[in-house]
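K.L.:
Could you work out the structure for the sequence below:
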Amino acid sequence: MINKTLPFFLEDRTGLFTGSDFDDVYDRLFLRVAPAPAPAADSTLMIYNAGRRSSSQRDYRPARRDPSVVLEFGPHGALGKISFVGSSIALPMAQYLRKTSLFGGSLSRKFRASDGEEYRWTYKSVDEQEWSCVDAREYPVAHYNLKPSHKPAYSTSGNILTIYEAYASLSVEILASLTIMRHIAAHNL
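P.N.:
Numbering: from 1, shown residues only. Sure, this is the predicted structure:
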């Protein structure tokens, strides 16, 4: 049987895990990662379901809605706490996003999503994908690519988070876990 569903192709406007808009190229989903308003802005990121496309001129004003997820990092880039605002669930990031094996590297981690299933992020484990997320059966869920510096970008950033349609309901959780994974990589945790 041929799969005729169209994945969500979310353009990452900046390529920075500390703040960017993720807009679906077909205008179906709009997410935003933004620093928290001061004074927590140094170590806290908020993830919003923006509901509309960001402007081409990046709008740095605070979002007009409540965040879906709050990521509070510890001092000196340490992992902190993840809070799911709508469900009032909060837990340590190291408990939410666990290493896949006791002696495994920190760039392979798994998390249990709100659907009760377990998903795993890995770094450069699939050709031409910087980050890959699979489910417990090894089916692809999402992947993320930064535009290579040697490739030209025309009217887009070239940075893409692809989320397969069957997992669209987990989009905010996928972006939150990816943001933590990119933080872990950036801080060599």
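K.L.:
can you map out the strands along the chain?
P.N.:
8-12, 20-24, 30-35, 44-49, 69-72, 81-84, 89-92, 98-99, 108-112, 118-126, 129-135, 140-145, 160-163 (DSSP state E).
K.L.:
Including mean neighbour count and distance to Glu173, could the ones you listed go into a markdown table?
P.N.:
Yep, even glycine has a C-beta here, placed from its N, CA and C like the rest. Formatted as a markdown table, the strands of the chain follow (neighbours: other Cβ atoms under 10 Å; distance: least, Cβ to Cβ, whole Å):
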| stretch | mean neighbour count | distance to Glu173 |
| --- | --- | --- |
| strand 8-12 | 21 | 14 |
| strand 20-24 | 23 | 13 |
| strand 30-35 | 22 | 11 |
| strand 44-49 | 22 | 9 |
| strand 69-72 | 20 | 8 |
| strand 81-84 | 20 | 8 |
| strand 89-92 | 12 | 11 |
| strand 98-99 | 14 | 15 |
| strand 108-112 | 19 | 8 |
| strand 118-126 | 18 | 8 |
| strand 129-135 | 20 | 10 |
| strand 140-145 | 21 | 10 |
| strand 160-163 | 22 | 10 |
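K.L.:
Dump the ones you listed to CSV, plus distance to Met181.
P.N.:
Converted to CSV, the strands of the chain look like this (distance: least, Cβ to Cβ, whole Å):
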stretch, distance to Met181
strand 8-12, 14
strand 20-24, 15
strand 30-35, 13
strand 44-49, 13
strand 69-72, 12
strand 81-84, 12
strand 89-92, 15
strand 98-99, 12
strand 108-112, 7
strand 118-126, 5
strand 129-135, 6
strand 140-145, 9
strand 160-163, 12
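K.L.:
can you tell which of these is closest to Asn188?
P.N.:
strand 118-126 (12.2 Å; Cβ to Cβ).
K.L.:
what packs against the closest one?
P.N.:
Under the contact criterion of 3 or more Cβ pairs under 8 Å, 6 or more residues apart in numbering; DSSP states H and E, strand 118-126 touches strand 108-112, strand 129-135, helix 171-186.
K.L.:
Show me what that strand pairs with in its sheet, parallel or antiparallel.
P.N.:
strand 108-112 (antiparallel), strand 129-135 (antiparallel) (DSSP bridges).
K.L.:
Cross-check the contact I'm expecting between Ser177 and Thr122.
P.N.:
No. In this structure Ser177 lies outside contact range of Thr122 using Cβ atoms under 8 Å: 11.9 Å.
K.L.:
Overlap of the contact sets of those two?
P.N.:
Counting by Cβ atoms under 8 Å, 6 or more residues apart in numbering, the common neighbours of Ser177 and Thr122 are Cys133.
K.L.:
rewinding a little: could you dump the strands paired with strand 118-126 into a markdown table and include mean pLDDT and distance to Lys81?
P.N.:
Shown next, in a markdown table, are those (pLDDT from 0 to 100; distance: least, Cβ to Cβ, whole Å):
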| stretch | mean pLDDT | distance to Lys81 |
| --- | --- | --- |
| strand 108-112 | 96 | 14 |
| strand 129-135 | 95 | 22 |
